[in-house]
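J.: coordinates only, no sequence provided:
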């Protein structure tokens, strides 16, 4: 019970700065993912694996407390462990989803900025063309 409580209470690590991918995951150049996305997925994959194990243990302990006719205080505590363990997996999924949306919006913003640059250049060239025509008209 106490070991399970410690596992469930352990916070999710979302600091990838000091993390290095394990050597048993080869870096395949054939991947459609950029290196940063691949590293992020590997980072959270390790945590998902650990949290799935914790969730499985919490579910087993919950069922065991029910099968052994434990008092409500015990099986309610175990149900909380199940909920907390599952919530960690939801948090990881939500974090990855948000980062994907941020990247998508960042790419959209970048494309719009490129459009603005092209439009500005076109407007500047048109203005220069009109001025050259005016000057040409003045010299005739």
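T.: Perfect, thanks for sending it. What you see is a predicted model, and the numbers here were worked out from it, not measured in a lab.
J.: now stretch 62-76: buried residues?
T.: Neighbour counts over stretch 62-76 (16 or more other C-beta atoms under 10 Å) mark 62, 65, 70, 74, 75 as buried. Any C-beta I mention is one placed from the backbone N, CA and C, and that applies to glycine too.
J.: and the third one, what helix or strand is that in?
T.: Residue 70 belongs to no helix or strand when assigned by DSSP states H and E.
J.: got it, and the first one?
T.: With secondary structure defined by DSSP H and E, residue 62 is part of helix 35-67.
J.: buried ones in that helix?
T.: So helix 35-67, judged by 16+ other C-beta under 10 Å, has buried residues 38-40, 42-44, 47-48, 51, 54-55, 57-59, 61-62, 65.
J.: list the contacts of the residue positioned nearest the centre of the chain.
T.: In the chain, the residue lying closest to the centroid (C-alpha atoms, centre = their mean) is residue 96, at 2.0 Å. By C-beta atoms under 8 Å, 6 or more residues apart in numbering, the residues touching residue 96 are 40, 41, 44.
J.: low-confidence ranges in this protein?
T.: 1, 4, 8-11, 13-31, 33, 139-140 (pLDDT under 70).
J.: repeat the analysis, applying 80 as the threshold.
T.: 1-40, 43, 100-103, 125, 127-140 (pLDDT under 80).
J.: related to what we said a few turns ago, please identify which of the contacts of residue 96 is nearest to residue 104.
T.: Set against residue 104, the nearest of the contacts of residue 96 by C-beta to C-beta is residue 40 (14.6 Å).
J.: residue 99 is in contact with that closest one, correct?
T.: Yes: using C-beta atoms under 8 Å, residue 40 is in contact with residue 99, at 7.0 Å.
J.: quick one: which helix or strand includes residue 135?
T.: Secondary structure (DSSP H and E) places residue 135 in helix 72-139.
J.: kindly calculate the angle that that helix makes with helix 35-67.
T.: Angle, helix 72-139 to helix 35-67, by axes from the mean of the first three to the mean of the last three C-alpha atoms, to 10 degrees: 160 degrees.
J.: how close does the residue nearest to the centre of the chain sit to residue 52?
T.: Going from residue 96 to residue 52 by C-beta to C-beta, to the nearest Å gives 15 Å.
J.: great, nothing more from me.
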